[in-house]
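K.L.:
Curious how this folds, go ahead:
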Amino acid sequence: MGMKRFKPTTSSLRFTVISDFAEVTKSTPEKSLLRPLKKSGGRNVYGRITARYRSGGHKRRYRVIDFKRDRIDDLAEVIGIEYDPNRSARIALIQYSNGDKAYILAPLDLNPGQKIVSTVDKEVEMKPGNCMPLSRIPLGAAVHNIELKPGRGGKIVRSAGTSAQIMAKEGDVAFVRMPSSEVRKIAINCRATIGQIGNVEHESRSLGKAGRMRWLGRSGAVRGVAMNPVDHPHGGGEGKAPQGAPHPVTPWGKKTKGLKTRKKRKYSNNSIVRRRGAK
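P.N.:
Residues are numbered from 1 along each chain as shown. The predicted structure is shown next:
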C-alpha cells in the first residue's frame, strides 16, 4: 500500500498523487452483493437542488456492507480485498462456514486467508477484523466501525485510515477518543471492530486535474465574486472587485468561516465528554 507519482509529462500529471492499489487483491466484485445506485444530481425528492455542484460521475453500483456483523461466533475466511468506489476505505469479501458471503470494511493488516469472527460473550483473539463489545476490548486498543446503540450496526469511524481509542470504562459506559480528538461516552455493550481502517494514505492523494474530480461526480464551484449581485452577496462591482463584505458569506448571507451550525440542544450533547479542539 502506497502512493503513486508520475513523471511530469503533462501539467496535470505533475501534481497527480494517487493510490497504487497494492493492497487490492480482487478486481471483480461479488455480484450477489451489488445493488443499483441512482444519481440525484444534488436534487431532493421535489427536484430542487439542495447540494450544489453535483453532476456526472462514473457509473457505480453499491456494495452492500455488513456493518452489523450479526453472524455471532461464526468463523469467516477473508477471500480478498477490493476497491469500493462509494467510500474511501477498502472492503474485504469474507465467506462464512455455510458459504454465505459478505463485505466488511477492511482494516489494516487484514490479508486473504485469515479467519475472523464476531462475538458477544466469548473470549477471542485481539486481531484486526474481529468484532466484539467494548466491554471485552482492553484500554488503549484501536477500534473502528463503532455502534452507537447495541445491535444497530457501526455508525462512526468508518473512513480510510481512521481509528478510535478506548480511554476508560466506568460502569455501563466506555470513554472513546474519536479521530477528531473528541471524547465520547458509548454504551459498553456496543460492539466495535478491532484495528485501524486501511488505505491510511488516502488523505495524501492529489487528484491533479479537474477531470478526475468530475469522475467522482463533483463539478467545478463558481466563486461568488465572479457572479452578479443578484446571484451572490460577493457579486458585482466594476472590473475585478474584491468581495466587499467584512466576512465571506454564502449565497444566502450566512457566514462561511467560524459560524457554529451545531444545534444547541442536539440529542448527543450528553454523550460528549470533551469536544474536539478543546484544550
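K.L.:
Report the contact partners of Pro85.
P.N.:
Taking Cβ atoms under 8 Å, 6 or more residues apart in numbering, we find Pro85 in contact with His58, Arg60. In short, each C-beta sits where N, CA and C put it, glycine included.
K.L.:
Now do it against Arg60, distance only.
P.N.:
5 Å (Cβ to Cβ, to the nearest Å).
K.L.:
Asp70 now?
P.N.:
26 Å.
K.L.:
Also Glu203?
P.N.:
For Glu203, the distance to Arg60 equals 22 Å [Cβ to Cβ].
K.L.:
which of the two has more neighbours?
P.N.:
Arg60 (14 against 11; other Cβ atoms under 10 Å).
K.L.:
show me what contacts the more buried one?
P.N.:
If you count contacts by Cβ under 8 Å, 6+ apart, Arg60 has them with Leu37, Pro85, Asn86.
K.L.:
Mean confidence (pLDDT) on stretch 102-116, please.
P.N.:
The average pLDDT within stretch 102-116 is 95.
K.L.:
Start and end of it, how far apart?
P.N.:
Taking Cα to Cα, to the nearest Å, the first and last residues of stretch 102-116 lie 12 Å apart.
K.L.:
Any buried residues in it, and which?
P.N.:
Ala102, Tyr103, Ile104, Leu105, Ala106, Pro107, Leu108, Leu110, Ile116 (16 or more other Cβ atoms under 10 Å).
K.L.:
Check stretch 194-214 too.
P.N.:
In stretch 194-214, counting by 16+ other Cβ under 10 Å, buried: Ile194, Gly195, Gln196, Ile197, Gly198, Asn199, His202, Arg205, Leu207, Gly208, Met213, Arg214.
K.L.:
May I have that stretch as PDB, with CA atoms only?
P.N.:
Output of stretch 194-214 as PDB, limited to C-alpha atoms (Å, rounded to 0.1, in the frame of the first residue of the first chain):
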ATOM      1  CA  ILE A 194     -10.500  -4.300  16.200                       C
ATOM      2  CA  GLY A 195      -7.900  -2.300  14.200                       C
ATOM      3  CA  GLN A 196      -7.300   0.700  12.100                       C
ATOM      4  CA  ILE A 197      -9.100   1.000   8.800                       C
ATOM      5  CA  GLY A 198      -6.700   0.500   5.800                       C
ATOM      6  CA  ASN A 199      -5.800   2.800   3.000                       C
ATOM      7  CA  VAL A 200      -4.200   5.100   5.500                       C
ATOM      8  CA  GLU A 201      -2.600   7.400   2.900                       C
ATOM      9  CA  HIS A 202      -5.900   8.300   1.300                       C
ATOM     10  CA  GLU A 203      -5.600  11.900   2.700                       C
ATOM     11  CA  SER A 204      -2.200  12.300   0.800                       C
ATOM     12  CA  ARG A 205      -3.700  11.900  -2.600                       C
ATOM     13  CA  SER A 206      -3.800  14.800  -5.100                       C
ATOM     14  CA  LEU A 207      -6.300  14.400  -7.900                       C
ATOM     15  CA  GLY A 208      -4.100  16.500 -10.200                       C
ATOM     16  CA  LYS A 209      -6.800  17.700 -12.700                       C
ATOM     17  CA  ALA A 210     -10.400  18.800 -12.800                       C
ATOM     18  CA  GLY A 211     -11.400  15.800 -14.800                       C
ATOM     19  CA  ARG A 212     -10.700  13.400 -12.000                       C
ATOM     20  CA  MET A 213     -13.000  15.400  -9.800                       C
ATOM     21  CA  ARG A 214     -15.700  15.200 -12.400                       C
END
